[in-house]
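**Q** mind folding the following:
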Amino acid sequence: MWGGFFAVIPLVTVHFSGASAQGGLGWPAATIGVILGVRQLAQQGLTVFGGAWADHLGPKPLILAGCLLRTLGFAWMGFATTPGVLLAAALLAGVGGGLFDAPKNAAITAVTRPEQRARMFSLTSIAGNLGMLGGPLIGAALLGLGFRAAALAAASVYLLAAGVMAVTLPHVRPARVPGRSLAGLAQAAADVPFRRFTLVLIGNFILSTQINVAVTLKAIALAGPHATVPLYGLSAGLAVLLQYPLLRAVERHVPLRAALVSAVTLVGLSLGLMALATTFPALLACVALYSLGTMLVYPAQQTLTARFAPPALVGSYFGFSAISLGAGGALGSALGGVLVDAGARIGLPALPWLTLAAIGAATALGLRWALRGLEQPGDGA
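**A** Reported below is the predicted structural model:
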């Protein structure tokens, strides 16, 4: 599924916003940024409810429905010729993702012991990065056949995944909790420490989205439309090789709260350094630092979310936590494109990178404040 996603999403920027001389349609970067941001917002907005529904229905039916809707959305992208059609297709793909995102995390939490969850989320992230590594390679190869071929190939992956999971995925039936189906979501929203943590994480997702927007646009400017292959290959390859051993080392020596704050700081610093990158190899060096930070953020965030959640409301808490990814992803996608355009217009190409570095610093400080008191004595995870 991750391979299908990364076979087509980076190509949306390349195909629709790339220069006409390089085979693109030449749409404004801000237009593509807004469309990708709306997709992200739709996905994470629905994920808020998908988690609550998983607490009542179980994750399997939601995951299967989400895969089928994403199949339709990605296939439709291949036939988009106007911003309106692309937006509609992106919205459908986002709705599909919103149905399977939080239920997936709730299922993982249900079948793992607390002391194993950070490692399990890390392994899940490694699987995602394997898809992130292979997806752009497949997408770049298919781009020679046209963007439509890449979009249809990505759609077929989700259709295949739905078929496989329909047969093999266990149906984890949740314990029935009295009350309305969204009562757990209301409880998560009323949890002040968790709400604070979720809102501060918006800044992190503004940063993490830039690999698909500002970083991709800079890579294309420096090395052409096929720069996405080494760009995503490096990011995903480092995560596949280093994420699990790095997480194990961190678990032994650093509290999870401190690890998350440090990782977000590194992500912001690496984006700031991209202002100095005038060659593609220099940009890749910055991406390597960026990847070291992001590979720790995901398992740390997911594990801390599970720690906040009561056992019967794990889906609801993961659903509510999607607000940070939805708002941050939407803001980040739109902001990245707007800042790149604004920097070019005023002759200040460093504008997006300095702004993102400032957001990273503010987010790291906010996380230190939001997570005060969460760590248990002697708990290094």
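
**Q** low-confidence ranges in the chain?
**A** 18-24, 173-182, 373-381 (pLDDT under 70).

**Q** go through it and flag its longest helix.
**A** In terms of residue count, the longest helix belonging to the chain (DSSP state H) is helix 314-346.

**Q** any idea which helix or strand comes after that helix?
**A** Counting by DSSP states H and E, the element after helix 314-346 in chain order, helix or strand, is helix 351-370.

**Q** now do the buried residues in stretch 117-127.
**A** 117-126 (16 or more other C-beta atoms under 10 Å). (Glycine included, C-beta is placed from N, CA and C.)

**Q** same deal with stretch 156-171?
**A** Neighbour-count burial for stretch 156-171, counted by 16+ other C-beta under 10 Å, picks out 157-159, 161-162, 165.

**Q** can I get that stretch in PDB, CA atoms only?
**A** These are the backbone C-alpha positions of stretch 156-171, laid out as PDB (Å, rounded to 0.1, in the frame of the first residue of the first chain):
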ATOM      1  CA  SER A 156      -4.400  -1.700  -8.600                       C
ATOM      2  CA  VAL A 157      -2.100  -2.100  -5.500                       C
ATOM      3  CA  TYR A 158      -4.900  -1.000  -3.200                       C
ATOM      4  CA  LEU A 159      -7.400  -3.300  -4.900                       C
ATOM      5  CA  LEU A 160      -5.000  -6.200  -4.500                       C
ATOM      6  CA  ALA A 161      -4.400  -5.300  -0.900                       C
ATOM      7  CA  ALA A 162      -8.200  -5.300  -0.200                       C
ATOM      8  CA  GLY A 163      -8.400  -8.800  -1.600                       C
ATOM      9  CA  VAL A 164      -5.500 -10.200   0.400                       C
ATOM     10  CA  MET A 165      -6.700  -8.600   3.600                       C
ATOM     11  CA  ALA A 166     -10.300  -9.800   3.100                       C
ATOM     12  CA  VAL A 167      -9.000 -13.300   3.300                       C
ATOM     13  CA  THR A 168      -6.200 -13.000   5.800                       C
ATOM     14  CA  LEU A 169      -6.800 -10.100   8.200                       C
ATOM     15  CA  PRO A 170      -8.100 -11.200  11.600                       C
ATOM     16  CA  HIS A 171     -11.300  -9.500  12.700                       C
END
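
**Q** chain center to that stretch: distance?
**A** Per C-alpha atoms, centre = their mean, to the nearest Å, the displacement of stretch 156-171 from the mean C-alpha position of its chain is 21 Å.

**Q** just stretch 46-60 next, same as before
**A** Taking mean C-alpha positions (C-alpha atoms, centre = their mean), stretch 46-60 and its chain are 19 Å apart.

**Q** export it to CSV, keeping only CA atoms.
**A** Once non-C-alpha atoms are left out, stretch 46-60 reads as follows in CSV (Å, rounded to 0.1, in the frame of the first residue of the first chain):
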residue,chain,number,x,y,z
LEU,A,46,-12.1,11.3,8.5
THR,A,47,-9.5,9.4,10.5
VAL,A,48,-10.7,11.2,13.6
PHE,A,49,-14.0,9.4,13.2
GLY,A,50,-12.5,6.2,11.7
GLY,A,51,-10.8,5.5,15.0
ALA,A,52,-14.0,5.9,17.0
TRP,A,53,-15.9,3.6,14.6
ALA,A,54,-13.1,1.0,15.0
ASP,A,55,-13.8,0.9,18.7
HIS,A,56,-17.3,-0.3,17.9
LEU,A,57,-17.1,-2.1,14.6
GLY,A,58,-13.6,-3.5,14.7
PRO,A,59,-10.9,-2.4,12.3
LYS,A,60,-11.2,-4.9,9.4
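
**Q** start at 46 instead
**A** In the new count, where the first residue is 46, that last one comes out as stretch 91-105.

**Q** so which residues of the stretch 246-395 of the chain form helices?
**A** Taking DSSP state H, counting those that start in this stretch to define them, one finds helices in the stretch 246-395 of the chain at 259-268, 273-298, 301-318, 325-353, 359-391.

**Q** relative to helix 273-298, how tilted is the shortest one?
**A** Interaxial angle, helix 259-268 versus helix 273-298 (axes from the mean of the first three to the mean of the last three C-alpha atoms, to 10 degrees): 130 degrees.

**Q** who are the packing partners of helix 259-268?
**A** Helix 259-268 makes packing contacts with helix 47-62, helix 273-298, helix 325-353, helix 359-391, helix 396-415 when contacts are defined by 3 or more C-beta pairs under 8 Å, 6 or more residues apart in numbering; DSSP states H and E.

**Q** can you pull the contacts of A402?
**A** By C-beta atoms under 8 Å, 6 or more residues apart in numbering, A402 lies in contact with 313-314, 316-317.

**Q** run the last query once more with 6 Å
**A** In this structure, A402 makes contact with 313, 316-317, judged by C-beta atoms under 6 Å, 6 or more residues apart in numbering.

**Q** same list (those) but as TSV, adding neighbour count and distance to G129.
**A** Converted to TSV, these look like this (neighbours: other C-beta atoms under 10 Å; distance: C-beta to C-beta, whole Å):
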residue	neighbour count	distance to G129
G313	25	35
L316	29	31
G317	20	36
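
**Q** how about JSON lines for the residues you listed, with distance to P104 added?
**A** Compiled in JSON lines, the contacts of A402 are given as follows (distance: C-beta to C-beta, whole Å):
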{"residue": "G313", "distance to P104": "33"}
{"residue": "L316", "distance to P104": "34"}
{"residue": "G317", "distance to P104": "39"}
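
**Q** which residue packs closest to V258, ignoring adjacent ones?
**A** Across the structure, with C-beta to C-beta, 6 or more residues apart in numbering as the measure, the residue nearest V258 apart from its sequence neighbours is G381 (3.4 Å).

**Q** tell me the contacts of the one you found?
**A** Applying C-beta under 6 Å, 6+ apart, the residues near G381 are 78, 255, 258-259.

**Q** with P148 instead?
**A** 95, 99, 104, 107-108 are the contacts of P148 under C-beta under 6 Å, 6+ apart.
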